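A.B. asks: Show me the folded form of this:
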Amino acid sequence: MKLIRIILFPIVPIYYLVTLFRNWLYDKGIKSSKSYNFPVICVGNLSTGGTGKTPMIEYLLSVLKEEKSLATLSRGYKRKTEGFVLADEDATADSIGDEPFQFFRKFKNIQVAVDANRQNGIEQLMTSDKKLEVILLDDAYQHRKVKSGFNILLTAYNDLYYKDMVLPTGNLREPRCGSERADVIVVTKCKKDISEVEKSKIISKLKLKNHQKLFFSHVEYSTSVISDFNELKLVTLPKFTLVTGIANAKPLVDFLADKGLKFDHLEYGDHYSFRASDIEKLASKPLIITTEKDYVRLSSNESLKDKLYYLPIQMKINKAETFNGIIRSFISRNS
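C.D. replies: All right, here's what the predicted structure looks like:
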């Protein structure tokens, strides 16, 4: 634990009580939450990041895209615009944020919008498209002004929320009891071969409520890296530079190392805004592998065009059909 976090420990009880009181105000209806008469699904977490919200949104989009008219609504973290923005052919990572831009590039028949004010964002989406059937809220678990019909809470296998404490010493945005608002909890980034015994231990620690269901998931990496112009098999890669600007790069680093691949790692902060000096440094590298989120921010640089690739990933959910059935059932009941 960093020294500054230890020093700030006296603030933890204050942060805990403030966030607990805020949630109590919403739970009692003293502060108002707006609900909707159509399906609104929230994907979020208790921690400050790195639980796999983007892969979960993409998983839901993949499951539902042929069945429903869909929209995603995100805050658009670190974008250079303000207010409500609906992605169009002029959208960039700068205008809507890297993760929403990733959704927009990958899923052609959905609407992608950003707005820090989720109430306004939902209203704008519903006004612009009367046929819209489902809205997926990205990272809105603490946005209590909107009362989602269905809450999916993510917690990473190596950083389960029951082991953590609130900010600033811990990584939780709110007390652990906030997990009680979730309809489904997904333990993400598990080992692919996680045992039933280990699952049972986690289940007992999470202390689920009667209305909650728990699922386990893992990340599946592609066997190839791709760009807008080319594809290379992992097994054929020469030594390369790995560039990451995500919350937790360790699983990716471990995966590539386990494959016996040779690489140097340039690690930046989550949602890092690459500067001209960074691009100049990267342009000197013969081959760069990055994450898809970083790729959508870096690929507009002409100097990186022929050397920049990303490694696609997918979220794989244990008992996926049961999970999918719960989601479809909620949508059917609320349509």
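A.B. asks: When you work out contacts or count neighbours from here on, use the C-alpha atoms and nothing else.
C.D. replies: Fine.
A.B. asks: What segments of the stretch 101-250 of the chain are strands?
C.D. replies: Using DSSP state E, counting those that start in this stretch, the strands of the stretch 101-250 of the chain run over 111-114, 134-138, 150-156, 184-188, 213-221, 224-226, 231-233, 240-244.
A.B. asks: could you check the angle strand 184-188 makes with the fifth one?
C.D. replies: With axes from the mean of the first three to the mean of the last three Cα atoms, to 10 degrees defining the directions, strand 213-221 sits at 30 degrees from strand 184-188.
A.B. asks: The third one now?
C.D. replies: Here strand 150-156 runs at 20 degrees with respect to strand 184-188, directions being taken by the same axes, to 10 degrees.
A.B. asks: count of residues packed around I185?
C.D. replies: I185: 23 surrounding residues under other Cα atoms under 10 Å.
A.B. asks: What's opposite it in the beta bridge?
C.D. replies: Beta bridges link I185 to L153, L214, judged by DSSP bridges.
A.B. asks: you'd agree it is up against L214?
C.D. replies: Yes. Contact criterion Cα atoms under 8 Å: I185 and L214 qualify, at 4.9 Å.
A.B. asks: Please convert the strands of the stretch 101-250 of the chain to JSON lines, extending it with mean pLDDT.
C.D. replies: Below are the strands of the stretch 101-250 of the chain laid out as JSON lines (pLDDT from 0 to 100):
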{"stretch": "strand 111-114", "mean pLDDT": "98"}
{"stretch": "strand 134-138", "mean pLDDT": "98"}
{"stretch": "strand 150-156", "mean pLDDT": "98"}
{"stretch": "strand 184-188", "mean pLDDT": "98"}
{"stretch": "strand 213-221", "mean pLDDT": "97"}
{"stretch": "strand 224-226", "mean pLDDT": "98"}
{"stretch": "strand 231-233", "mean pLDDT": "98"}
{"stretch": "strand 240-244", "mean pLDDT": "98"}
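A.B. asks: Those strands: which one's closest to N301?
C.D. replies: Closest to N301 of the strands of the stretch 101-250 of the chain, according to Cα to Cα: strand 240-244, at 14.7 Å.
A.B. asks: Which positions within the closest one qualify as buried?
C.D. replies: Neighbour-count burial for strand 240-244 flags 240-244 (criterion: 16 or more other Cα atoms under 10 Å).
A.B. asks: Dump that strand to PDB, restricted to CA.
C.D. replies: Taking C-alpha atoms only, strand 240-244 is exported to PDB below (Å, rounded to 0.1, in the frame of the first residue of the first chain):
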ATOM      1  CA  PHE A 240       7.500  -6.100 -29.400                       C
ATOM      2  CA  THR A 241       6.600  -3.200 -27.200                       C
ATOM      3  CA  LEU A 242       3.500  -3.600 -25.100                       C
ATOM      4  CA  VAL A 243       1.700  -0.300 -24.400                       C
ATOM      5  CA  THR A 244      -1.000  -0.200 -21.800                       C
END
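A.B. asks: Quick check: can you name the pairing partners of that strand and their directions?
C.D. replies: Paired with strand 240-244 in the same sheet, following DSSP bridges, are strand 263-267 (parallel), strand 288-290 (parallel).
A.B. asks: And those: which comes nearest N230?
C.D. replies: The nearest among the strands paired with strand 240-244, by Cα to Cα, is strand 288-290 at 12.8 Å.
A.B. asks: average pLDDT for the next helix or strand after that closest one?
C.D. replies: Per DSSP states H and E, the first helix or strand lying C-terminal to strand 288-290 is helix 292-298. Averaging pLDDT along helix 292-298 gives 96.
A.B. asks: wait, what's in contact with K131?
C.D. replies: When contacts are counted by Cα atoms under 8 Å, 6 or more residues apart in numbering, K131 touches S69.
A.B. asks: Got phi/psi on it?
C.D. replies: Backbone geometry at K131, expressed as degrees, to the nearest 10, gives phi -90, psi 0.
A.B. asks: Check what pLDDT it gets.
C.D. replies: For K131, the pLDDT comes out at 89.
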